[in-house]
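[1] Please find the sequence and the predicted model below.
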Amino acid sequence: MSYWHKLIDDRERLFWLLHTCGWIGFALIYYIGSFLHDMRPIWIFVIILNSIAGWVLTIPLRYVFRAVSSLTPWKIVIAVMVSIYVISLLWTVAKNVHYWEIYKHGYRPDEWYMYLTNSANSVFLMTCWSGLYFGIKNYQMLQKEKQNALKASAMAHQAQIKMLRYQLNPHFLFNTLNAISTLILMKDYETASGMVSRLSDFLRYSLDKDPIKKVPLQQEIKALELYLDIEKVRFDTRLTVDWQIQEEAKQALVPSLILQPLIENAIKYAISKLEMGGIIRIAAQVQDNDLLLQVEDNGPGANIVDGQLHRKNGVGLTNIRERLKSLYGSRYQFEIAHNEPTGVKVTIRIPLDTNEHG
């Protein structure tokens, strides 16, 4: 079974195998059909030449179909029909030449259009070849999407486990509970109560949201505000958050808690290192039918090489990249760069999606 799975996954090898087997099958059927007409033995050679001509002429169709796949549906239909018709005419000419030159001993028709005799049969066969090509290609795409969906599901659940590991790790809970304890000792019961409430709401959101599903950015922002409100109690005036959320971007769907690890890193490696405090800027905007998300800080910076962050005990970055790859394939960007004048800037670009039921 593993051999066949590898064969199906290798699209290039599978195409050439099916392409060749298909034309061999055509030759066999053509040969069997010749028994009904009592053809001379030389007819076998004509069948072989016709099959080779069909094998060769249909190869360009594959590359034409690939080239037009990014066009609009109507343009694709027109391009496919024109391509099939042109290749069919060429194959018709080749078959007639083989038949007349070999089987009819050099027969020449009086009119040039006679070379296009029986072109309807050629169009039918080329249409069948094209139908099989698109059918197999769509089947492969569906199988690939199914695999990606299963992988995304597994990766998302794994991401949720990793996320909960650092959301509920002793360091996070210790700092939060210690801050609440301090507030109680200072008899600032109102602030302590509010902090407990925010912590409860944030943890409930973290546990309730399925990482496979996407949520509106506006809903994600509310969860991030809960998290940041907790951190603001700890850092007081040392933590400043600058929200720059475009109105159009608020309804865009994003993977749940995709930005929280970035904010966690910014607080841990930037804000906590600055005696006078620092700023975290969280931005979202729509650009060219994509959603652009950015998290920046003005901390001391980090060791960034070729867009990769080299940092011990870095939280969540690999997890984010894996989730994005599973959910969007190659249709995403995840970049880490130096911020100006100091700090780290992380940019995520994903396809714009506002359909919650899609």
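    Looks like it arrived, so ask away. These numbers were taken from a predicted model, which means no experiment stands behind them. Numbering: from 1, shown residues only.
[2] Val346: neighbouring residues, count only.
    23 (other CB atoms under 10 Å). C-beta coordinates here come from the backbone N, C-alpha and C atoms, glycine included.
[3] Touching, it and Ile336? I think so.
    Yes: in terms of CB atoms under 8 Å, Val346 counts as a neighbour of Ile336; the distance is 5.3 Å.
[4] Thr58 - how many residues pack around it?
    Thr58: 20 surrounding residues under other CB under 10 Å.
[5] before we move on, what about the one 5 residues further on?
    Residues contacting Tyr63 under the criterion other CB under 10 Å number 10.
[6] Report all helices and strands that the host helix or strand of Asp242 contacts.
    For Asp242, the element it lies in under DSSP states H and E is strand 239-245. Secondary structure elements in contact with strand 239-245, counted by 3 or more CB pairs under 8 Å, 6 or more residues apart in numbering; DSSP states H and E, are helix 217-235, strand 278-287.
[7] and the first one, which residues are buried?
    Of the residues in helix 217-235, those buried by neighbour count under the rule 16 or more other CB atoms under 10 Å are 217, 220-221, 223-235.
[8] and which of these is nearest Ala152?
    Distance to Ala152 across the buried residues of helix 217-235 (CB to CB) is lowest for Glu220, with 18.2 Å.
[9] Hmm, Cys21 and Trp55 touching each other?
    No: with contact defined as CB under 8 Å, Trp55 does not count as touching Cys21 (10.7 Å).
[10] Neighbour count for the two, which is higher?
    Comparing Trp55 with Cys21 by neighbour count (other CB under 10 Å), the higher total belongs to Trp55, at 16 against 10.
[11] Could I get the contacting residues of the more buried one?
    Contact analysis of Trp55 by CB atoms under 8 Å, 6 or more residues apart in numbering lists His19, Thr20, Trp23.
[12] Quick one, grab the pLDDT at Phe202.
    The pLDDT attached to Phe202 in the predicted structure is 80.
[13] swap in Ser88?
    Reading off the confidence values, Ser88 has pLDDT 92.
[14] Look at Glu12 and say how many residues are nearby.
    7.
[15] Ser193 now?
    The burial metric for Ser193, expressed as a neighbour count using other CB under 10 Å, is 13.
[16] packing partners for the helix or strand where it lies?
    Assigned by DSSP H and E, Ser193 falls within helix 189-208. Under the contact criterion of 3+ CB pairs under 8 Å, 6+ apart, helix 189-208 touches helix 119-167, helix 170-185, helix 217-235.
[17] Including distance to Val86 and mean pLDDT, could those helices go into CSV?
    Putting those into CSV (distance: least, CB to CB, whole Å; pLDDT from 0 to 100) gives the following:
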stretch, distance to Val86, mean pLDDT
helix 119-167, 9, 77
helix 170-185, 66, 77
helix 217-235, 49, 87
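[18] returning to that earlier point: give me the sheet partners of the strand holding Asp242 and which way each runs.
    Neighbouring strands of strand 239-245 in its sheet, by DSSP bridges, are strand 278-287 (parallel).
[19] Give me the angle between the host helix or strand of Ile84 and helix 119-167.
    Ile84 belongs to helix 73-98 when assigned by DSSP H and E. Here helix 73-98 runs at 140 degrees with respect to helix 119-167, directions being taken by axes from the mean of the first three to the mean of the last three CA atoms, to 10 degrees.
[20] buried residues in helix 73-98?
    By neighbour count on 16+ other CB under 10 Å, the buried set for helix 73-98 is 79-80, 83-84, 87-96, 98.
[21] How about Asp229: what's its closest non-neighbour residue?
    Nearest residue to Asp229, sequence neighbours excluded (CB to CB, 6 or more residues apart in numbering): Arg198, at 5.0 Å.
[22] The one you found: how many residues sit nearby?
    Burial of Arg198 is recorded as 19 neighbouring residues (other CB under 10 Å).
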